[in-house]
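> Pasting a predicted model and its sequence here:
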There are 2 protein chains.
Amino acid sequence: MDRAQSILRENGLKATKGRLEVLKLFIGAGRPIAQKEIMAMARLKLDRASVYRVLNAFLEAGIIHKAYMDGRHAVFELPDSCGEDHCHPHFSCRGCGATTCLKGMKVYSEGSPGKGFTMERQKVLIEGLCPRCSS
Amino acid sequence: MDRAQSILRENGLKATKGRLEVLKLFIGAGRPIAQKEIMAMARLKLDRASVYRVLNAFLEAGIIHKAYMDGRHAVFELPDSCGEDHCHPHFSCRGCGATTCLKGMKVYSEGSPGKGFTMERQKVLIEGLCPRCSS
DNA sequence: TTATCAATTGCAACATAGTTGCGTTTATGA
DNA sequence: TCATAAACGCAACTATGTTGCAATTGATAA
(Lines give C-alpha, C1' and ligand atoms only; values in the text may rest on other atoms or scores of the structure.)
Protein backbone atom coordinates (compact mmCIF):
# COMPACT_ATOMS: atom_id res chain seq x y z
CA MET A 1 0.00 0.00 0.00
CA ASP A 2 2.13 2.88 1.10
CA ARG A 3 5.85 3.43 1.08
CA ALA A 4 6.35 3.01 4.81
CA GLN A 5 4.67 -0.38 4.81
CA SER A 6 6.79 -1.69 1.95
CA ILE A 7 10.03 -0.40 3.47
CA LEU A 8 9.29 -2.33 6.63
CA ARG A 9 8.39 -5.45 4.72
CA GLU A 10 11.54 -5.27 2.63
CA ASN A 11 13.58 -5.20 5.79
CA GLY A 12 11.73 -8.03 7.49
CA LEU A 13 10.25 -5.81 10.18
CA LYS A 14 6.69 -6.18 11.42
CA ALA A 15 4.49 -3.30 10.38
CA THR A 16 3.40 -2.20 13.83
CA LYS A 17 1.64 1.06 14.57
CA GLY A 18 4.66 2.58 16.23
CA ARG A 19 7.05 1.72 13.43
CA LEU A 20 4.69 2.97 10.76
CA GLU A 21 4.14 6.19 12.65
CA VAL A 22 7.86 6.85 13.15
CA LEU A 23 8.74 5.93 9.60
CA LYS A 24 6.06 8.19 8.19
CA LEU A 25 7.42 11.03 10.29
CA PHE A 26 10.86 10.50 8.77
CA ILE A 27 9.40 10.40 5.27
CA GLY A 28 7.28 13.46 5.90
CA ALA A 29 10.01 15.46 7.60
CA GLY A 30 12.55 15.26 4.80
CA ARG A 31 15.22 16.37 7.23
CA PRO A 32 17.10 14.91 10.18
CA ILE A 33 14.99 14.57 13.33
CA ALA A 34 15.62 13.65 16.95
CA GLN A 35 13.72 11.35 19.29
CA LYS A 36 12.23 14.32 21.09
CA GLU A 37 10.76 15.68 17.87
CA ILE A 38 9.34 12.28 17.05
CA MET A 39 7.53 12.16 20.38
CA ALA A 40 6.21 15.69 19.82
CA MET A 41 5.06 15.14 16.23
CA ALA A 42 3.54 11.70 16.67
CA ARG A 43 -0.24 11.66 16.63
CA LEU A 44 -0.68 8.44 18.51
CA LYS A 45 0.96 8.22 21.90
CA LEU A 46 4.24 6.36 21.74
CA ASP A 47 6.25 5.21 24.70
CA ARG A 48 9.72 6.71 24.97
CA ALA A 49 11.32 3.27 25.28
CA SER A 50 9.39 2.04 22.26
CA VAL A 51 10.53 4.95 20.14
CA TYR A 52 14.14 4.15 21.02
CA ARG A 53 13.54 0.51 20.17
CA VAL A 54 12.02 1.49 16.84
CA LEU A 55 14.96 3.78 16.12
CA ASN A 56 17.44 1.05 16.99
CA ALA A 57 15.60 -1.46 14.81
CA PHE A 58 15.64 1.03 11.92
CA LEU A 59 19.32 1.74 12.48
CA GLU A 60 20.17 -1.94 12.46
CA ALA A 61 18.17 -2.48 9.30
CA GLY A 62 19.76 0.55 7.69
CA ILE A 63 16.41 2.29 7.17
CA ILE A 64 17.75 5.36 8.95
CA HIS A 65 21.18 6.37 10.09
CA LYS A 66 22.56 8.59 12.77
CA ALA A 67 23.17 11.97 11.17
CA TYR A 68 25.19 13.32 14.09
CA MET A 69 25.10 14.08 17.79
CA ASP A 70 23.58 17.42 18.71
CA GLY A 71 24.78 18.22 22.20
CA ARG A 72 23.60 15.23 24.13
CA HIS A 73 21.06 13.75 21.78
CA ALA A 74 21.28 11.90 18.52
CA VAL A 75 19.69 13.13 15.30
CA PHE A 76 18.53 10.57 12.74
CA GLU A 77 17.57 10.72 9.08
CA LEU A 78 16.70 8.59 6.10
CA PRO A 79 19.86 7.81 4.14
CA ASP A 80 18.33 9.02 0.88
CA SER A 81 21.06 9.92 -1.52
CA CYS A 82 24.03 9.32 0.72
CA GLY A 83 26.07 6.17 0.98
CA GLU A 84 27.15 4.55 4.21
CA ASP A 85 30.75 5.61 3.96
CA HIS A 86 30.38 9.17 2.89
CA CYS A 87 27.44 11.44 3.43
CA HIS A 88 26.50 15.02 2.77
CA PRO A 89 27.40 17.46 5.54
CA HIS A 90 24.85 18.68 8.03
CA PHE A 91 24.25 22.21 9.11
CA SER A 92 23.28 23.00 12.68
CA CYS A 93 22.01 26.48 13.45
CA ARG A 94 23.44 28.10 16.57
CA GLY A 95 20.42 30.37 16.76
CA CYS A 96 17.35 28.17 16.47
CA GLY A 97 18.95 24.74 16.68
CA ALA A 98 17.40 23.55 13.42
CA THR A 99 19.19 20.97 11.34
CA THR A 100 19.55 21.07 7.57
CA CYS A 101 21.12 18.68 5.09
CA LEU A 102 23.62 20.41 2.85
CA LYS A 103 23.15 18.09 -0.08
CA GLY A 104 24.67 20.58 -2.46
CA MET A 105 28.01 20.42 -0.73
CA LYS A 106 30.74 17.88 -0.95
CA VAL A 107 33.60 17.48 1.46
CA TYR A 108 37.04 16.34 0.44
CA SER A 109 39.91 15.43 2.69
CA GLU A 110 43.53 15.94 1.79
CA GLY A 111 46.46 14.04 3.24
CA SER A 112 46.31 10.65 4.88
CA PRO A 113 45.29 9.89 8.44
CA GLY A 114 48.54 8.01 9.00
CA LYS A 115 49.87 4.50 8.71
CA GLY A 116 47.51 1.73 9.64
CA PHE A 117 44.34 3.77 10.04
CA THR A 118 41.29 2.33 8.34
CA MET A 119 38.75 5.01 7.47
CA GLU A 120 35.18 3.79 7.42
CA ARG A 121 33.00 6.82 7.68
CA GLN A 122 33.33 10.56 7.64
CA LYS A 123 30.94 12.86 9.43
CA VAL A 124 30.90 16.55 8.80
CA LEU A 125 28.93 19.01 10.88
CA ILE A 126 28.93 22.67 9.99
CA GLU A 127 27.76 25.10 12.63
CA GLY A 128 26.63 28.63 12.11
CA LEU A 129 23.48 30.64 11.48
CA CYS A 130 20.65 29.65 9.17
CA PRO A 131 19.12 32.20 6.77
CA ARG A 132 16.38 33.11 9.22
CA CYS A 133 18.75 33.63 12.15
CA SER A 134 21.37 35.44 10.04
CA SER A 135 19.16 38.38 9.23
CA MET B 1 56.52 28.89 37.17
CA ASP B 2 54.91 26.27 34.98
CA ARG B 3 52.88 26.48 31.85
CA ALA B 4 49.56 25.55 33.43
CA GLN B 5 49.83 28.33 35.98
CA SER B 6 50.59 30.99 33.41
CA ILE B 7 47.78 29.87 31.12
CA LEU B 8 45.32 30.28 33.96
CA ARG B 9 46.71 33.66 34.88
CA GLU B 10 46.57 34.90 31.30
CA ASN B 11 42.90 34.02 31.21
CA GLY B 12 42.06 35.59 34.54
CA LEU B 13 41.25 32.30 36.20
CA LYS B 14 42.25 31.49 39.76
CA ALA B 15 44.93 28.83 39.92
CA THR B 16 43.08 26.34 42.07
CA LYS B 17 44.19 22.76 42.64
CA GLY B 18 41.45 21.32 40.50
CA ARG B 19 42.09 23.62 37.55
CA LEU B 20 45.83 23.04 37.64
CA GLU B 21 45.32 19.29 37.81
CA VAL B 22 42.88 19.23 34.87
CA LEU B 23 44.98 21.58 32.77
CA LYS B 24 48.13 19.54 33.37
CA LEU B 25 46.28 16.43 32.28
CA PHE B 26 45.36 18.15 29.03
CA ILE B 27 48.94 19.27 28.49
CA GLY B 28 50.29 15.86 29.35
CA ALA B 29 47.76 13.94 27.29
CA GLY B 30 48.48 15.67 24.01
CA ARG B 31 45.25 14.27 22.63
CA PRO B 32 41.52 14.85 23.14
CA ILE B 33 40.20 13.53 26.44
CA ALA B 34 36.79 13.11 28.05
CA GLN B 35 35.57 13.98 31.55
CA LYS B 36 35.64 10.30 32.50
CA GLU B 37 39.31 10.00 31.61
CA ILE B 38 40.09 13.12 33.58
CA MET B 39 38.48 11.63 36.68
CA ALA B 40 40.41 8.40 36.17
CA MET B 41 43.78 10.03 35.53
CA ALA B 42 43.60 12.70 38.22
CA ARG B 43 45.80 11.99 41.22
CA LEU B 44 43.91 14.15 43.65
CA LYS B 45 40.26 13.38 44.09
CA LEU B 46 38.09 15.76 42.12
CA ASP B 47 34.33 16.06 42.35
CA ARG B 48 32.44 15.25 39.17
CA ALA B 49 30.57 18.56 39.29
CA SER B 50 33.79 20.46 39.84
CA VAL B 51 35.43 18.84 36.84
CA TYR B 52 32.49 19.91 34.70
CA ARG B 53 32.75 23.41 36.09
CA VAL B 54 36.46 23.49 35.35
CA LEU B 55 35.81 22.25 31.81
CA ASN B 56 33.13 24.87 31.27
CA ALA B 57 35.38 27.61 32.61
CA PHE B 58 38.16 26.47 30.26
CA LEU B 59 35.73 26.32 27.34
CA GLU B 60 34.50 29.82 28.02
CA ALA B 61 38.05 31.12 28.26
CA GLY B 62 39.02 29.29 25.09
CA ILE B 63 41.72 27.26 26.87
CA ILE B 64 40.17 24.08 25.54
CA HIS B 65 37.47 23.39 23.01
CA LYS B 66 35.01 20.62 22.41
CA ALA B 67 36.60 18.29 19.89
CA TYR B 68 33.39 16.37 19.26
CA MET B 69 30.69 14.26 20.85
CA ASP B 70 31.52 10.58 21.23
CA GLY B 71 28.26 8.78 21.70
CA ARG B 72 26.84 10.47 24.75
CA HIS B 73 29.87 12.21 26.13
CA ALA B 74 31.92 15.18 25.03
CA VAL B 75 35.63 14.99 24.22
CA PHE B 76 37.77 18.07 24.83
CA GLU B 77 41.25 19.14 23.77
CA LEU B 78 43.68 22.03 23.79
CA PRO B 79 43.25 24.08 20.61
CA ASP B 80 46.96 23.88 19.80
CA SER B 81 47.47 24.47 16.14
CA CYS B 82 43.85 24.78 15.09
CA GLY B 83 41.87 27.95 14.77
CA GLU B 84 38.36 28.48 16.04
CA ASP B 85 36.67 28.31 12.68
CA HIS B 86 38.42 25.38 11.14
CA CYS B 87 40.18 22.57 12.92
CA HIS B 88 41.92 19.36 12.03
CA PRO B 89 39.69 16.30 11.80
CA HIS B 90 39.45 13.78 14.59
CA PHE B 91 39.63 10.03 14.30
CA SER B 92 37.53 7.83 16.54
CA CYS B 93 38.35 4.13 16.64
CA ARG B 94 35.40 1.78 16.43
CA GLY B 95 37.46 -0.94 18.11
CA CYS B 96 39.02 0.58 21.20
CA GLY B 97 37.24 3.92 21.31
CA ALA B 98 40.48 5.90 21.36
CA THR B 99 40.59 9.37 19.86
CA THR B 100 43.36 10.74 17.69
CA CYS B 101 43.93 14.13 16.10
CA LEU B 102 44.60 13.89 12.40
CA LYS B 103 46.73 16.98 12.18
CA GLY B 104 48.21 15.90 8.89
CA MET B 105 44.86 16.05 7.16
CA LYS B 106 42.93 18.96 5.84
CA VAL B 107 39.29 18.98 4.89
CA TYR B 108 37.87 21.07 2.11
CA SER B 109 34.28 21.62 1.23
CA GLU B 110 32.98 22.25 -2.25
CA GLY B 111 29.78 24.00 -3.15
CA SER B 112 27.92 26.44 -0.98
CA PRO B 113 25.54 25.63 1.84
CA GLY B 114 22.86 27.79 0.24
CA LYS B 115 21.67 31.37 0.34
CA GLY B 116 21.80 33.07 3.69
CA PHE B 117 23.70 30.43 5.64
CA THR B 118 26.55 31.74 7.75
CA MET B 119 29.19 29.12 8.35
CA GLU B 120 31.08 29.54 11.59
CA ARG B 121 32.71 26.25 12.32
CA GLN B 122 33.24 22.93 10.67
CA LYS B 123 33.66 19.71 12.61
CA VAL B 124 34.92 16.58 10.96
CA LEU B 125 34.88 13.19 12.62
CA ILE B 126 36.31 10.20 10.86
CA GLU B 127 35.38 6.79 12.18
CA GLY B 128 37.17 3.55 11.55
CA LEU B 129 39.90 1.37 13.00
CA CYS B 130 43.17 2.59 14.46
CA PRO B 131 46.47 0.86 13.57
CA ARG B 132 46.31 -1.39 16.62
CA CYS B 133 42.72 -2.50 15.99
CA SER B 134 43.22 -2.86 12.23
CA SER B 135 45.74 -5.68 12.51
C1' DT C 1 52.05 37.75 57.45
C1' DT C 2 47.39 38.03 58.18
C1' DA C 3 42.60 39.44 57.27
C1' DT C 4 39.08 39.81 53.94
C1' DC C 5 35.92 38.57 50.38
C1' DA C 6 34.60 36.87 46.18
C1' DA C 7 35.35 32.81 43.62
C1' DT C 8 35.58 27.88 43.82
C1' DT C 9 34.72 23.47 45.74
C1' DG C 10 32.11 19.31 47.50
C1' DC C 11 27.93 17.36 48.27
C1' DA C 12 23.37 16.24 47.14
C1' DA C 13 19.59 16.64 44.32
C1' DC C 14 17.97 17.21 39.87
C1' DA C 15 17.53 16.98 34.57
C1' DT C 16 17.82 14.55 30.32
C1' DA C 17 19.11 10.72 27.00
C1' DG C 18 18.95 6.19 26.51
C1' DT C 19 18.47 1.06 28.11
C1' DT C 20 16.44 -3.09 30.19
C1' DG C 21 13.29 -6.53 32.49
C1' DC C 22 8.85 -8.17 32.49
C1' DG C 23 4.12 -9.01 31.81
C1' DT C 24 0.64 -7.94 28.19
C1' DT C 25 -0.73 -7.09 23.49
C1' DT C 26 -0.50 -7.64 18.53
C1' DA C 27 1.05 -8.75 13.67
C1' DT C 28 2.03 -12.51 10.86
C1' DG C 29 1.70 -16.98 8.73
C1' DA C 30 -0.22 -21.56 9.08
C1' DT D 1 -9.08 -18.24 13.28
C1' DC D 2 -5.34 -19.56 16.15
C1' DA D 3 -0.66 -19.99 17.86
C1' DT D 4 3.50 -17.81 18.52
C1' DA D 5 7.22 -14.87 18.39
C1' DA D 6 7.95 -10.20 18.17
C1' DA D 7 6.80 -5.66 19.83
C1' DC D 8 4.74 -2.74 23.23
C1' DG D 9 3.90 -0.13 27.72
C1' DC D 10 5.38 0.58 32.10
C1' DA D 11 8.68 1.17 35.61
C1' DA D 12 13.15 1.06 37.15
C1' DC D 13 17.81 1.82 36.09
C1' DT D 14 22.40 3.84 34.07
C1' DA D 15 25.18 7.60 32.48
C1' DT D 16 26.21 12.39 31.39
C1' DG D 17 25.80 16.78 32.73
C1' DT D 18 23.77 20.85 35.69
C1' DT D 19 22.46 23.53 39.83
C1' DG D 20 21.68 25.24 44.74
C1' DC D 21 23.91 25.86 48.86
C1' DA D 22 27.03 25.76 52.63
C1' DA D 23 31.97 25.31 53.50
C1' DT D 24 36.61 26.21 51.81
C1' DT D 25 40.32 28.56 49.47
C1' DG D 26 43.07 31.75 46.44
C1' DA D 27 44.23 36.57 45.38
C1' DT D 28 44.57 41.09 46.88
C1' DA D 29 45.23 44.70 50.30
C1' DA D 30 46.58 46.15 54.89
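Perfect, thanks for sending it.
> where exactly do the helices run in chain A?
Here chain A has its helices, by DSSP state H, at A:3-10, A:17-29, A:35-41, A:48-61, A:131-134.
> list the buried ones in the third one?
If I follow you right, that is helix A:35-41. By neighbour count on 16 or more other Cβ atoms under 10 Å in any protein chain shown, the buried set for helix A:35-41 is A:35, A:37-38. (C-beta placed from N, C-alpha, C; glycine too.)
> Mind listing residues that contact stretch A:10-20?
Residues from elsewhere that reach stretch A:10-20, judged by Cβ atoms under 8 Å, 6 or more residues apart in numbering or on different chains: A:4-5, A:8-9, A:44, A:46, A:50-51, A:54, A:57-58, A:61-63.
> do the same with stretch A:63-73
Stretch A:63-73 is contacted by residues A:7, A:11, A:23, A:26, A:32, A:34-36, A:55, A:58-59, A:74-79, A:84, A:87, A:90, A:92, A:97, A:99, A:101, A:123, A:125, B:68-69, B:71-72 when judged by Cβ under 8 Å, 6+ apart.
> Go back to the residues you listed and keep what's next to DNA strand C.
Contacts with DNA strand C within the contacts of stretch A:63-73, as defined by Cβ under 7 Å from any atom of the strand: A:34-36, A:74, B:72.
> Return only those of the residues you listed found close to DNA strand D.
Among these, DNA strand D is touched by B:Arg72 when using Cβ under 7 Å from any atom of the strand.
> Same list, the ones next to DNA strand C among the contacts of stretch A:63-73, but as JSON lines with pLDDT please.
Output for these, formatted as JSON lines (pLDDT from 0 to 100):
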{"residue": "A:Ala34", "pLDDT": "93"}
{"residue": "A:Gln35", "pLDDT": "94"}
{"residue": "A:Lys36", "pLDDT": "93"}
{"residue": "A:Ala74", "pLDDT": "89"}
{"residue": "B:Arg72", "pLDDT": "78"}
